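1. what shape does this take:
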Amino acid sequence: MKRGWMLLIGLMVMLLVAACGAKESQGDSGDEGAEDVMKEEETSSNEGQNTVQEAVSQLAVDATITPESDKVTFSFSMENQGDKAYDLGFSSGQKYEIVVKNEEGEEVYRYSEGQMFTQALETKTIEPGESISFEEVWSADIKPGEYDAAISIEVNSINEQSLEAKPFKVTKAFTVEGKQTTEEQEGNSGDSVAEGEAFRNIEVSGEKGSYVVTGEAKVFEGSFVYNVEDGHNMLIENTTHQVDEGAPSWSSFKLEIEISQEELPQFGSLTLTMFEIDPKTGNPTNVNYIPLEQFQG
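-> The predicted structure is shown next:
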């Protein structure tokens with residue numbers, strides 16, 4: 001009888017040990033499965049970040065601003081300079097934003113103000129070598145003066161990876177001149193240069209901060225001004241250049257531009273702006289924007 005009890009107790013102990021071992025094995029297996037899921041999520045997150053960084057370096061934004069006395073035209077585009085297609089996500093029907101501020105830093109125009117946009121998510125695929133272009137005209141309550149325009153393409157995701165910032169943005173300065181009266185137009189007809197005809201035959205050579213720009217100028221008293229900016233910073237402040245003869249004669253010119261490697265942008269465009277100063281108003285006129293180099297990081 002005693003021996004039977006001993007066998008029964010031993011059998012119960014063996015069953016208890018086996019059950020504990022099974023639970024421990026299940027616990028270890030569960031931990032390993034959780035670790036595998038975390039590793040997969042971390043790998044996916046890193047790949048998504050790499051895709052976004054690559055896209056930001058390959059998607060180049062450029063903008064041109066054409067000011068007139070009664071309107072300002074903003075023309076801008078995004079070009080895929082890489083070898084991969086990207087799906088651009090927009091949180092609404094608004095594809096871009098334009099904000100204009102005057103010399104005092106006061107906001108005088110915002111494209112989205114008063115606009116109605118669809119609230120549905122939208123996606124646009126931009127293939128390698130493809131560009132998407134936009135144009136907007138500001139024509140209400142324009143006054144003569146100096147302005148800064150911040151233009152951004154409102155992409156909020158790339159290949160379904162969210163963007164925390166707005167990397168596709170450029171800032172440019174421009175000048176709106178006042179309308180001339182009939183007397184001023186008649187008085188200037190003999191000694192002024194027609195709009196857009198102050199410079200011709202412009203050629204650009206060089207790279208990586210060292211450039212040579214040549215061409216011909218027909219400017220008042222043989223003098224014009226140039227500067228260089230990257231859309232965010234003025235790298236060369238307004239500099240006066242003198243040619244041999246003034247308007248109506250054409251004179252050749254040569255600009256040698258040097259910018260240190262430390263000042264060159266990682267992304268975006270380096271732009272040379274040339275213009276002459278109106279002798280009556282003191283404002284820039286015949287403004288020309290010359291691309292020097294596109295940087296992709």
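
2. go ahead and confirm Thr66 touches Phe76.
-> No. With contacts counted by Cβ atoms under 8 Å, Thr66 stays clear of Phe76, the gap being 11.6 Å. From N, CA and C alone the C-beta is placed, and that goes for glycine too.

3. who has more neighbours, the two?
-> Phe76 (23 against 15; other Cβ atoms under 10 Å).

4. check the secondary structure at the closest residue to the more buried one other than its chain neighbours for me.
-> Residue nearest to Phe76 in three dimensions, not counting chain neighbours: Ala63, with 3.8 Å by Cβ to Cβ, 6 or more residues apart in numbering. Reduced to three states with DSSP: H, G, I helix; E, B strand; the rest coil, the structure at Ala63 is strand.

5. tell me what Thr240 is bridged to.
-> For Thr240, the beta-bridge partners under DSSP bridges are Val225.

6. okay, it and Glu221: tell me how far apart.
-> Per Cβ to Cβ, to the nearest Å, Thr240 is found 11 Å from Glu221.

7. who has more neighbours out of these two?
-> Glu221 (14 against 9).

8. checking my notes, the more buried one in a helix, right?
-> Yes. Checked against three-state DSSP, Glu221 lies within a helix.

9. which residues does it contact?
-> By Cβ atoms under 8 Å, 6 or more residues apart in numbering, the residues touching Glu221 are Gly246, Pro279.

10. let's see it at 10 Å
-> By Cβ atoms under 10 Å, 6 or more residues apart in numbering, Glu221 lies in contact with Asp191, Gln242, Val243, Glu245, Gly246, Ala247, Glu276, Ile277, Pro279.

11. inside strands: which ones of those residues?
-> Of these, the ones assigned to strands by DSSP state E are Gln242, Glu276, Ile277.

12. any of those buried? List them.
-> Glu276, Ile277 (16 or more other Cβ atoms under 10 Å).

13. which one of the ones in strands among the contacts of Glu221 sits closest to Thr125?
-> Nearest to Thr125 out of the ones in strands among the contacts of Glu221 is Glu276 (Cβ to Cβ; 44.0 Å).

14. what's the spacing between that closest one and Tyr226?
-> 10 Å.

15. so what sits against both of those two?
-> Contacts common to Glu276 and Tyr226, judged by Cβ under 10 Å, 6+ apart, are Asn288.

16. what's the span of stretch 102-122, first residue to last?
-> 33 Å (Cα to Cα, to the nearest Å).

17. oops, could you answer that again for stretch 133-146 instead?
-> Using Cα to Cα, the end-to-end distance of stretch 133-146 comes to 26 Å.

18. name the residues contacting each of Thr240 and Glu221.
-> Common neighbours of Thr240 and Glu221, using Cβ under 10 Å, 6+ apart, are Ile277.

19. now the top strand by length along the chain: buried residues?
-> Longest strand in the chain, counting residues (DSSP E): strand 284-296. Under the neighbour-count criterion of 16+ other Cβ under 10 Å, strand 284-296 has Pro284, Thr285, Asn286, Val287, Asn288, Tyr289, Ile290, Leu292, Glu293 buried.
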